[in-house]
Each structure stands twice: as structure tokens, then as C-alpha cells.
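Peer 1: Fold the following for me, if possible:
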Amino acid sequence: MKAPVVIILLICIIQLTATMKIPSGGYNVSYDKRSLMIDGDRVLLLSGSIHYPRSTPSMWPSIMKKTKDAGIDVVQVYVFWNRHEYVKGEYDFRDEADLLQFLQVAKDHDLFVHLRIGPYICGEWNFGGFPEWLRKVPGIAFRQYNEPFMKEMAKWMKYVVEIVDPYLARNGGPIILAQVENEYGNFEEKLPGGKKYIEWAFNYAKSLDIGVPWVMCQQGDIAGAINTCNQFFCNSWIAEHWGRWSNQPAFFTEDWPGWFQLYGEGKPVRPAQNVAFSITLFFAYGGSFANYYMWYGGTNFDRWVGGPFITTSYDYDAPIDEYGYPNEPKYTHSKMLHGILHDYEHVILSSFPKVTNCGTKCEYVLYQNSTSVITFINNFNEDVAITVNYNNSKYWLAQSSSTIVGNGYSLYNTAVFSKPAKTLSSYIEASNFEFSYWKEPLGMWGDIKTSQYPLELFDLTHDRTDYLSYITTVKGFSGKSKLQLDDTRDYVHVFVDNKYVGSQVGSEHHIDFDIELSQNNELQIVVMTMGMKNYGMEINATYSRGIRGNVYLSNKDITHQQWNHQVGLKGQQLRLYTKAANPLVQWTNGDYSNSFTWWRTSFSVVDLDKPYALDMAGMGKGFIWINGHGIGRYFNATADSGDACNKCDYANYNPYNECRIGCGGLSQRYYHVPSAWLNKNDNLLVIFEELGGDLNKVKLVQKQYWQ
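Peer 2: As a prediction, this is how the structure comes out:
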């Protein structure tokens, strides 16, 4: 029995690379209840989310090749409005924002594309993809039947459709699906005119006449738009979906193979067996399109991460890791499943599922045509393994698992790895550093905005810096005093007479600092963002940060007095993270562990073929640049996820209170440095440290992978 199984699996993998190719010339995309169709032929589609701004263009071909090799047919990708129109009316499609090059690389690898235009995308991306300037459009209300919002949304969508036109299916391009809005059904009843707005959004999208179907995920009330499911498991959703929309296929637009991570938490992981079970069940019960969100997660470079406090790493425990390497055993286990699904897709798509009970929480799902038969045997028992008799053969199923039987052979078991993946991934030290430093000036050093109360942060920073200083003079206080800040977000540093007092994570309630005063003092409160929110009712023109409540000193309200507002950092204004800025300040050699300090060093590397990372253990909190590129924020918060740490049962998987690793260490220690941003010699590393740390522990390491 064993030999035929191996033979069949090999056949599946051999056929895999020829399974799906983009037709030459223009082609037609349509659908019915059973599946999407390309030029009238049914297609079973496996998809993976890959976001172009979360990697470098030099990484795209390798990532796409690994994606295609794993049996993925479609790349699902958001369009990131704020990345492209950071300044109103100025469009940027260069470097990591080169959407058209990304589409071309997908096409070059025979990968179709599901283009999620949004414009709201969530995606753990800054402000959910909305540009910050949108807040200041007169009369605007986001994601509502609101003329100013709809005008800006329509303008952006029309622009996107025009530039991607060569990549639409009718022109021989890879785009076979598009998406407008994102999970709006979660908010439709909460927002004024929600139903009217979402109907307008679909009708406007349809008017763009792009020739491919429009998807609206988590949106079950719009005729003409394919409603889809986003969850860890979506098999039970299919019957409900078909009960409402008998003419639509069942699409799983987001199967989450992991989760995003917050600073202060352990890294979320999802067992490969659980992911495989989810994908298998979806196709078993009638699904025809399933997408891994994420297939490759990548890195939240610069200041683009949403939040607040989402890590710079967006690894997501995806089948391809942050550095572009296979994440084993998830990558290979998924690849084997994809091969079998593709090998039998002509059988699966030839009919609808025939379900038979095989015991307590056990079901067979059968598909058969004139030449082949495939059966999914599903054990829904979370705590009990079972043995099933089927067609005179016995099949053992672990708890929460499926076995796929094709033409009498056992092909795949979601709970059993076909062979152990012989891989090794590690960080190898590549360089030590000798730093020089420059102290960031405190107090007022540039243009100042004065008012009789603390002003809202984004009204002054326009999200072009994380930092806003609130500076005021306090008189008549002496000795130990308590500073209380009400509703102040996201992170706060306090200085008295340019001397560091302390730092805290902000709160919607209040935070307190013990400070020493002497009758007449300058109080400086530096409030900073840790990524604009990307999900929730706050994503609107009224979104605000900074000091949003009252300020008390020894129980006296000092809110309504003169406040001076200093935007950003002097070092940012001077662009100290660039080589050209080096002579603008006097750098000092040596060790200096203190808050609000700039550090710089030069270094060389030998190998530019593999990715690097910065080991930031020993530092506190701040920002990293290499050769002028923003690596991103770092924050050495200890991972403490309570009972979720080091407890992970694939059969009873609960992503919210288990399956966290790395607890007790740092939430994120290593920060991805793409090799494309490095030279062999004369590389510039600049760090702005907010809290103080041990520079001797900062190291450049190389991410190695062997298989």
C-alpha cells in the first residue's frame, strides 16, 4: 500500500508546475456557483497574499518562484493608497511601491492576481491605507455615504484602474479578480448610511468596467459582488453563503496561517496541521478558491506599520518567512496538499459535495466523475483519534484531521507530515560596530506653534514624524510632584529642564509620573505615535493622538495655559540618517548610554546574496536607518502572553489565548535588513535611541537557511 502512495504524490508534484498558466492574449473571466472560469474552463485556485511594500523588488522573483513551486496559482495583493499618494496629488510608484513591476513579476511566473484596491485595506498598515491628508478634506466622513469621501475614493480607484489596465485579463495580464472596500459588513450597521454607501461603492467599481469579477469580503448583502469569507475556518460558512447567493462560488479570501504580533506579546504561530485541515475542509465542502493571508508576510519597513504597537516584523508565521525562506514544515506540508488538489481538481469541480456521516463528528465527502473518485474523510473530534472503515480499507485519523483518498489510495493526512523537513535556519554574526553619537537637543529648537492648550498631534505632524513635544513653564511647584496625563497616546517621554524623567506607554485613561520641581521649571512632554490605527471605528477624520485629555500637576489642572509645540526631532530635520548630513553636526566617539541620542557607524559586508538583520538586544526603543532606508521602529519589550505561552494544540487551536512562542524574551530582537539596501563597503547605520541602551550588543547578523 505504501509504494503507490509515494508514486501518486510524486505525480502530483511533477504535474504541479504545469497546472495553471496565464493564457496568451486576452481572456475572459466569469463564474457560477461552482467556481471561477477562465475562457469557460473551471479552475480550482490556491492563492497567497504577498504585499509589495513589505519586501524589496529584488526579492520578488525569488518569492514568486517559491510561491509557484508550492502550487499557488494566484497572488492576492492590496493597493496601498497612502504609500502611493503620501502627499495629496503626488504619486509615487518607485522602489518598493512599484506596483506595476510587481504585477509583471507575477505574470512572469504565471501567477494570476487578485487586486484588492480598497481603498480601505486594514492589513495592519498605517491608517488602514488611508493617507493622513484625507482627514483634512472639508466635510469628510470616512466609509460613509459622504460626497467628499466618495469623490476622493472614486478619484483614487479610477487612477489605479487606469495604470493597471495593461495587466487586466482582457489585455493578457494576470488580474482575474478585484476587490472594493474590505470587511465593511463588520461596520455597515454602525456607520451612518452604511448600506447606501456600500451599494454606491460596488456600483462605482462596476462602472469602471475592468472585465473581471468584483469581490467584497465579509459582505453578504450586495448582489453582483462575490461575498467571501475571512477566518481561520470557513467550511461551515459555505452552506450559509449558497443559501443566500445560489449563483456565487465559495471563496475563502483570508485563511490566516498565523497572526500579527504586538510588542509585549510572544510571537503567534499556527500549527501546519491546523492550517492544512482548514484548507482541506474548505475544498471538501465545495470551496473553489482559498487564499493564505499571509503566504509571505515580510517586513513593516519605515513608518508604514499600523497599530499601535504592531511589530516591525510581519512574519505572520506564513509558509514563506520574513526573509523569503520556506517556513518548514508549513511550506512543504501545504505544497503537498496543493499538488493533490490540483491533480484532482477536474473531479472536484465536476460536481457538488456529497456528504455522508461516518460516525460521531465524522463525515465522508465524495466527488466522482467517469474516470476518478476523491474522498475527504474528516474527523471533527477535537480530542479523539478515530479509525474509519471506508471501501474495505481502514484509515486512522488523528483528532481534528482529514485524510484524502484518491482512486483507492491514501494520498494525504492533514495531521501527518509526509516527511520531516530537514532544514536549519539561524542567525550568523556578520559584523560588530564602533559608534559615534550626537545628542538630540531638547526644548525649543525650531519653528514653534503656541496655544493655550495642548493641540492634537496629527494636526501638527501630518504623520511625517512620530514625535511631538509639548513644552510649558510651570511655576510655584517645589519638591516631589505628580504629573498626570489623561487620555494620552501612544507613548510618552517626560523631561524637566532638559533632564530625562521617564517614559510610559500611553493610555485612554491616565498615566502618572513622579517628578522633582523647583519653583520655575520647563516641562517637556514628548508624545509619539506607534503606528496609526488600521482597524475599527476610529478610522475617520476625527482620529487623533497626542495629549487628548487634561494635564494635572500635583492635582492642579495646568491644561489651559501656554503650551509650545515642537514638531519632530532636530536630527530628522537635518536628515542625519543620510551620508550627506554627516558634517552637519559634531559626532563624538565612544560610549554614551542616554535617552534621545543619535548613533552612527559605517560597516562593510562580504556577502550580498543572503538577507541580514540587526540584533537589537540591549537597546531600548527607537528607530533604525541603513543607507537612508528606514528599517523601522524597534522596541525591546519583553514578550509576556500569559497562559498562551508555549501551549499549542493543533487540534484545539485558539489563536487568541495560545500558541505564542518566545515568551520571556524580546517580542522582536532581529530587524530585517534587505541585502538590496547594502553595499559591500561604506554602509551607513544610524540609530535614534529614545531610552538608552548598550551599543556593544548591537550586531549585524546574516540569516542563513539550509535544506
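
Peer 1: Could you use CA atoms for every contact and neighbour count after this?
Peer 2: Fine.

Peer 1: If you count residues, where's the longest helix of the chain?
Peer 2: With secondary structure taken from DSSP state H, the chain has its longest helix at helix 147-164.

Peer 1: Show me the shaky parts of this structure.
Peer 2: Per-residue confidence for the chain (pLDDT under 70) gives these ranges: 1-19, 419-425.

Peer 1: which residues of it fall in helices?
Peer 2: For the chain, the helices identified by DSSP H occupy 2-16, 60-69, 81-84, 99-108, 147-164, 194-207, 237-244, 272-284, 330-343, 345-348, 457-461, 570-573, in order along the chain.

Peer 1: roughly how far is the second one from the heart of the chain?
Peer 2: A distance of 19 Å separates the C-alpha centroid of helix 60-69 from that of its chain, computed with C-alpha atoms, centre = their mean, to the nearest Å.

Peer 1: JSON lines please, covering the helices of the chain and showing distance to F252 and mean neighbour count.
Peer 2: Rendered in JSON lines, the data for these read as follows (distance: least, C-alpha to C-alpha, whole Å; neighbours: other C-alpha atoms under 10 Å):
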{"stretch": "helix 2-16", "distance to F252": "21", "mean neighbour count": "15"}
{"stretch": "helix 60-69", "distance to F252": "18", "mean neighbour count": "20"}
{"stretch": "helix 81-84", "distance to F252": "24", "mean neighbour count": "22"}
{"stretch": "helix 99-108", "distance to F252": "21", "mean neighbour count": "20"}
{"stretch": "helix 147-164", "distance to F252": "24", "mean neighbour count": "15"}
{"stretch": "helix 194-207", "distance to F252": "20", "mean neighbour count": "17"}
{"stretch": "helix 237-244", "distance to F252": "9", "mean neighbour count": "14"}
{"stretch": "helix 272-284", "distance to F252": "8", "mean neighbour count": "24"}
{"stretch": "helix 330-343", "distance to F252": "15", "mean neighbour count": "23"}
{"stretch": "helix 345-348", "distance to F252": "16", "mean neighbour count": "22"}
{"stretch": "helix 457-461", "distance to F252": "37", "mean neighbour count": "18"}
{"stretch": "helix 570-573", "distance to F252": "43", "mean neighbour count": "15"}
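
Peer 1: nearest to S544, of the ones you listed?
Peer 2: S544 lies closest to helix 457-461 among those, at 6.6 Å (C-alpha to C-alpha).

Peer 1: Check which helices and strands that closest one sits against.
Peer 2: Counting by 3 or more C-alpha pairs under 8 Å, 6 or more residues apart in numbering; DSSP states H and E, the packing neighbours recorded for helix 457-461 are strand 467-496.

Peer 1: So what are the sheet partners of the strand it packs on and their directions?
Peer 2: strand 499-528 (antiparallel), strand 546-547 (antiparallel), strand 551-553 (antiparallel), strand 563-567 (antiparallel) (DSSP bridges).

Peer 1: which of the residues in that strand are buried?
Peer 2: Counting neighbours by 16 or more other C-alpha atoms under 10 Å, one finds that the buried residues in strand 467-496 are 467-474, 482-496.

Peer 1: circling back to that earlier point, deepest of the strands paired with strand 467-496, which one?
Peer 2: Per-residue neighbour counts averaged over each of the strands paired with strand 467-496 give the maximum for strand 546-547, namely a mean of 26 (mean count of other C-alpha atoms under 10 Å).

Peer 1: What are the contacting residues of that strand?
Peer 2: Applying C-alpha atoms under 8 Å, 6 or more residues apart in numbering, the set of residues contacting strand 546-547 from outside is 454-457, 468, 485-490, 527-529.

Peer 1: ok, A415 - contacts?
Peer 2: Going by C-alpha under 8 Å, 6+ apart, the list of residues near A415 reads Q273, N274, A276, F277, L397, A398, S400, S401, S402.

Peer 1: Dump these into CSV; add distance to I661 as well.
Peer 2: Putting the contacts of A415 into CSV (distance: C-alpha to C-alpha, whole Å) gives the following:
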residue, distance to I661
Q273, 17
N274, 17
A276, 20
F277, 22
L397, 27
A398, 24
S400, 22
S401, 23
S402, 26
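
Peer 1: Tell me the one of these nearest E658?
Peer 2: N274 (13.4 Å).

Peer 1: Verify the stated contact: the closest one with Y650.
Peer 2: Yes - in this structure, N274 sits in contact with Y650. The criterion is C-alpha atoms under 8 Å, and the distance is 5.4 Å.

Peer 1: Which one, of the strands paired with strand 467-496, ends up nearest to Q668?
Peer 2: Q668 lies closest to strand 499-528 among the strands paired with strand 467-496, at 17.2 Å (C-alpha to C-alpha).

Peer 1: looking at the helices of the chain, which is closest to V416?
Peer 2: Ranking these by their distance to V416 (criterion: C-alpha to C-alpha) puts helix 272-284 first, at 7.3 Å.

Peer 1: and the nearest residue to W304 once chain neighbours are set aside, how many neighbours does it have?
Peer 2: The spatially closest residue to W304, leaving aside those adjacent along the chain, is N126, at 5.2 Å (C-alpha to C-alpha, 6 or more residues apart in numbering). N126 sits with 28 neighbouring residues when counted by other C-alpha atoms under 10 Å.

Peer 1: now N126: how far from Y120?
Peer 2: Spatial separation of N126 from Y120 under the definition C-alpha to C-alpha, to the nearest Å is 11 Å.

Peer 1: still on that earlier bit, just so I know, which of the helices of the chain lies nearest K136?
Peer 2: Evaluated with C-alpha to C-alpha, the helices of the chain place helix 457-461 nearest to K136, the distance being 8.7 Å.

Peer 1: which residues touch the closest one?
Peer 2: Here helix 457-461 makes contact (C-alpha under 8 Å, 6+ apart) with Y467, L468, S544, R545, G546, I547, V567, G568.

Peer 1: Does the first one touch Q572 like I think?
Peer 2: Think Y467. No - distance between Y467 and Q572: 10.1 Å, which falls outside the contact criterion (C-alpha under 8 Å).

Peer 1: Name the residues contacting each of those two.
Peer 2: Both Y467 and Q572 lack any common contacting residue under the criterion C-alpha under 8 Å, 6+ apart.

Peer 1: I539: what's it in contact with?
Peer 2: F127, G128, F142, K533.
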